[in-house]
Structure formats: C-alpha cells, structure tokens
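Participant: Here is my input, please return the structure:
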Amino acid sequence: MSEGAATPAPPPRSAAAFGALLASMVAYKLLAACVVPVPLAMLPWLPCGDVALAAGLAWLVAIAPRAARRWLVGMVVVGVTGWHALAMLSVQALGMPFLPSMLAGCDAAMQDSVAPYLTWANGGRVAFLLAMAAIGWRVGRARTLARTWWLLAAVAAALLAMVGPAPVHACHRNPVLAFGRQLLPRAPLLPRVSGEPTVLANAAAAPTDARSGCAQGRSVVVVVLESAATRFVASAAGQPSAMPFLRQLAATGLDCPQAYAVYPESIEGQVPILCGLPPMPDADPSDYAEHGRSALPQRLRPHGYRSGLFHAGRFRFLGMQHVLDPMQFDELADAGTIGGERESSFGIDEEATVDALLAFVARQPATQRVLACWLPIAGHHPYSSPPGGSFPSTTQLGCYQNALQYADRSLARLWTGLCALRPPEHWLLCIVGDHGQAFGEHDGNFGHSFELYEENLRVPLVFVAPGTTLGGACIDTPCTHLDVVPTLLDLLGLPVDASLLRQRTGGNPVAVHAFTDWGELQVMRREADWKLIHEPAMGRDRLFDLASDPQEARDVALQHAERVVRMRQQSLAFLSATRGSTRH
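Facilitator: Sure thing, here's the model as predicted:
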C-alpha cells in the first residue's frame, strides 16, 4: 500500500452475523426435530421464519453507524444464539421452546427439577449449536451484500412464512418470534353463544336429587393431588394402580372417572377447584381477588365452618400466595411454616403436612365444623419419594408412579387420622387431581401445562361421605373442576342451582371446556365423545372421536367441517366468558 493511501473500511459484518444466526437457527431446528419429528410437507417452509429474522437483523447491522456496529453485532449474535441454546434445552425438557409464561417458573423452588437436565448430553447439544454458529460466522465473513438485499431477503422470507403452512408444533417455530408473539394479547373477546350453558358447571337449574343434603352438617376435607393423572390412578391392562387406597375410597363413594382439569397447572388451577370459577387467559395470579369471594372458606363461614389449608410446597412459587389470600382461609400453612424431616427445593415431606392438618382439626372444639384442605407435592417433577416404592426407579415414569404411591400412603395416613379424631360419619371428603401428567404420549408432550390431550387433563375426582347413599355411585359422564364446589355444597344441603348430583333437563347437553396459555393459547371443548382442540393464533383445529380413538391419534377435523366450526365458536365463547365469570 502506497504511503498516504486511505485505510480500507472494515467489512460491515452483516454477512457474518447472518451466517452465525442462520446456522444457530438451523442447529436448533435439527435438535428440536429429534424430539418432535417434522412433517415432510413442512420441510420446505420450515426455514422461512428463520431466514426472515436473520436477514432482518443483518440489515440492522448493515445500516448501523460504523461506531456502533461492533457492539451491535456482538449483542445480536450472542443474544440470539444464546436464546436458541436456551430454547433447545427447554424443548429437551418440556417439548416447548422457552416462552414468557415460563419466566414465573424461574424460582429457587425449581432447582431440583432443573438438575436432572444438567447432563453431558445436553452440554453436547449446546456445544453443537454454538459450533454451528461459529462456522456460520466464519463462512459469512468472506462475503458482503448490499444492505438493500438484506431487507429484500427479510421481506421475501417473511411473505413466504405468511403464505406457507404454519408449523404444526411450537418447537418447529422460531423461538425468538414465538416468545415475542406470546407477549401480545391473545384471548379473543367474543359474545357467549346463545343457548350455551355458562362457564359455571351445569349452571342451568336442575331438579333436586335424593342425595342432595346427605352430608348436611359434616366437616369437609378437600385433597388436591399433585399431577395425579387418571390413567395411573386406575388399574388398566393388568397394570397395578399407583394409588390403591384412593381406589378403595372411590369404591365407597361417588366416583367421577371422566373428570377434567379446566386449566392444567397447579397455581391458577386452584381457582376452579376451590372457587368454582374458571381461570382467565394470560392472567396474573394477582388478578383473582374477585374470584376469592366465591371460594369455599367464604361460602362455608356463614354456616359455622373454620377453614385451614396446608401445602407441602411453598406459597411463593408462581404467585400461589396471591391466588390463595383472597379466599380468606382462617389458617394457611406451607413448607416454610410447617417444617419437616425431609426438605427439597420444592417443599417438605407429606407426613409433616398431613400431621399439621390433623393438629389443626384437633385444636378445634368437637362441635366445630371445619373445612380442611391438603395440597401435597408428591407427584411433582422430579418425582422424588422415600425408598420402598413398588415401581422401577430407573425411569421417570417409574419414579412418578412411586411418587403417586407415596401420596396414596399419605392419603391413607390423613384419612386414618381424621377418623381417629372424629367418627367417619362426621366427614365429607373430596379428592381431586389438579392436572394430569404427560410422558411423550404425543410428540413433544411432556409435563402437563402445554397441551390439552387426555393425558394432560384427565384427573381423579371422588366424593366420600361414609354412612350415606353415595357409596358405590359413579358418574361416568364428562365433568370438570368447576363441578367440585357446587357438588360439595349440594351434598351439604346448601343452595345451588345444579351439581353432579343433578341432571340438567332440556336444552343442549352440557359440554366441558379447558384451556392452556403456557405455550400457544389453546382451548378444548368436549361434547359427548367429540373433542376439539383449537389454537386461535394459528387457526388450527384438531378434532378427535374419543369413542373410536381414545388415544387421540387421528385428527378428523377435515371430515367434520361443520362440527368443527360450531365447536370452535363455542370454545372461543368460553374463553371470552372466563373474563366475566367472577359473580354467581
């Protein structure tokens, strides 16, 4: 170079940034496809969103002032690549990329659940993704492209993404775009469908049943089991039940084998169980102050009941305290106030919690009616339980079943203790699961909060009142958590319009609904044997005939278009109605 010649400008780095970003996105999609296979018809469209985002960010780098370009490139490449690595780990654990709803779960209580995924295999996956990003950066450094071309590439790829088919599963979508989309309001506000029953269970008036009031004057105990999926509670296909004592109780009471969770999550899921009202889409735990006025403690207090709730976990987790406080229990105790012999990041042993509830009952005068609630944590991931379970402890499923077995032994401890304090004929006992638990029955479906399949929603529901006509009864039609409060009140002889004890007369049959907003917003409607799952944002419908396809393996939406349209409209109306359901 001759003396005085101008120093050449450094390369704009936009091509290097594009290469690194696109390579990390491709690596993420490859790893995600190992968890949830990609349909062949989707393959040509799968990179469109990735190319649009990578080209758009490359354009921002290209137009940035030279002084800011270096730090902008570093921020974009490191931030987006790191986010894809986090999303990949989330897919490995939950079958879902990291989304805003998961931020609340970033709590010290979850450290024992995170630990099992800190493995060499996941470390290798992160290393693969970072290596791909480094290769993409190196390849891109040798190339340049005018800033206008980056913009055109981003727009063209975005248009292709919009006109092409949407990815079937959330983990096939770009995780950065998926995270941003979930920050937007999603619940459609539609009027309630004319003639449709309200979101309150069996809300239309029904004639009185002979069993109404059969438990009048009794004390009430509500047990909300953690992650207790119906199929592992019931014995099936020669497999032993994980909860044999619960099955014994069910045989002596009112069993509801087709019960559904309204919302497959433990915290806001307490609202339908204890208040008889549905949760709200995209709500914060602090949004349920009005719902608390309908909670069992406030309904039963005028009738002479003193209430207490005892939780083996921690109220701070996911804002549970905000959900429970408005219900106005006379006594609230969690792992922090109870203490126990065994302690984990998530809570304490069930024996200590059961004994705290029994001590609460023992402190009351013999004539004092009580409402006592026990919320165990046995069954929650990572499925820890004391030694001695009868299922293999070498798999997650076996550990889960052993945890349910531990919850069952603790349930027996509770019932034995209650009957030692007061005669069995003094008690009205309700046992209900808060949600199901999935183990990959459908691609990418792990845990409970992200999908609305049967494994996520079906829960045990049993009412026991020794010495009454409930013994051996069974309601083998769909019902939900919304039926718990009105049925308890009906059994106690308190005024209700309808409950599981009564059959609706006239009009349309009552359907059951559920929704989740932890991943993509989804809403479910079941009527008779038909079940629809609708995703409003994607416009996607899945229809299953549970009579012929109980495993939900065959989507028949295309063969029943008219039914899909009607059920979709009614499902969206249910979502809308949840926002106005805080009063009776």
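
Participant: Please, which helix or strand holds the residue sitting nearest the centre point of the chain?
Facilitator: Nearest to the geometric centre of the chain sits residue 449, at 2.0 Å (CA atoms, centre = their mean). Under the criterion DSSP states H and E, no helix or strand holds residue 449.

Participant: same deal with residue 373?
Facilitator: strand 369-375.

Participant: measure the nearest residue to the residue nearest to the centre of the chain once chain neighbours are set aside to residue 273 for me?
Facilitator: Closest residue in space to residue 449, ignoring its immediate chain neighbours: residue 518 at 4.0 Å, by CB to CB, 6 or more residues apart in numbering. Backbone N, C-alpha and C define where each C-beta goes, glycine included. Counting by CB to CB, to the nearest Å, the gap from residue 518 to residue 273 is 18 Å.

Participant: Residue 521 now?
Facilitator: As defined by CB to CB, residue 521 lies at a distance of 22 Å from residue 273.

Participant: Run a quick neighbour tally on the closest residue to residue 259 other than its chain neighbours.
Facilitator: Closest residue to residue 259 apart from its sequence neighbours, by CB to CB, 6+ apart: residue 461 at 3.6 Å. As a burial measure, residue 461 scores 28 neighbours (other CB atoms under 10 Å).

Participant: again with residue 66
Facilitator: 9.

Participant: Could you do residue 577 as well?
Facilitator: 20.

Participant: per-residue confidence averaged over the helix or strand hosting it?
Facilitator: Here residue 577 sits within helix 561-577, counting by DSSP H and E. In this model, helix 561-577 has a mean pLDDT of 93.

Participant: Next, the buried residues of that helix.
Facilitator: By 16 or more other CB atoms under 10 Å, the buried positions in helix 561-577 come out as 564, 567-568, 570-577.

Participant: So residue 153 sits against residue 55, correct?
Facilitator: Yes: here residue 153 reaches residue 55: they are 4.0 Å apart, a contact under CB atoms under 8 Å.

Participant: so where is the stretch 251-400 of the chain shaky, pLDDT-wise?
Facilitator: 345 (pLDDT under 70).

Participant: thinking again about what came up before, sheet-wise, list the partners of the strand holding residue 373 with their directions.
Facilitator: strand 219-225 (parallel), strand 305-311 (parallel) (DSSP bridges).

Participant: So what does residue 184 look like in phi/psi?
Facilitator: phi -80, psi 150 (degrees, to the nearest 10).

Participant: That one: neighbour count?
Facilitator: By other CB under 10 Å, neighbour count at residue 184 equals 8.

Participant: just for this structure, where's the confidence low?
Facilitator: Those would be 1-12, 104-112, 186-209, 235-238, 345, 503-509, 580-584, if you go by pLDDT under 70 across the chain.

Participant: Quick check: longest helix in it by residues?
Facilitator: What stands out as the longest helix in the chain, according to DSSP state H, is helix 66-94.

Participant: Tell me which other helices or strands that helix touches.
Facilitator: In terms of contacts (3 or more CB pairs under 8 Å, 6 or more residues apart in numbering; DSSP states H and E), helix 66-94 is packed against helix 14-35, helix 48-63, helix 120-141, helix 175-182, strand 446-447.

Participant: Report the angle between that helix and helix 14-35.
Facilitator: With axes from the mean of the first three to the mean of the last three CA atoms, to 10 degrees applied, the angle from helix 66-94 to helix 14-35 works out at 0 degrees.

Participant: buried ones in helix 66-94?
Facilitator: Neighbour-count burial for helix 66-94, counted by 16+ other CB under 10 Å, picks out 69, 72-73, 76-77, 80-81, 83-85, 87-94.

Participant: Surely residue 218 and residue 429 touch.
Facilitator: No: Residue 218 is beyond contact range of residue 429, at 9.4 Å (criterion: CB under 8 Å).
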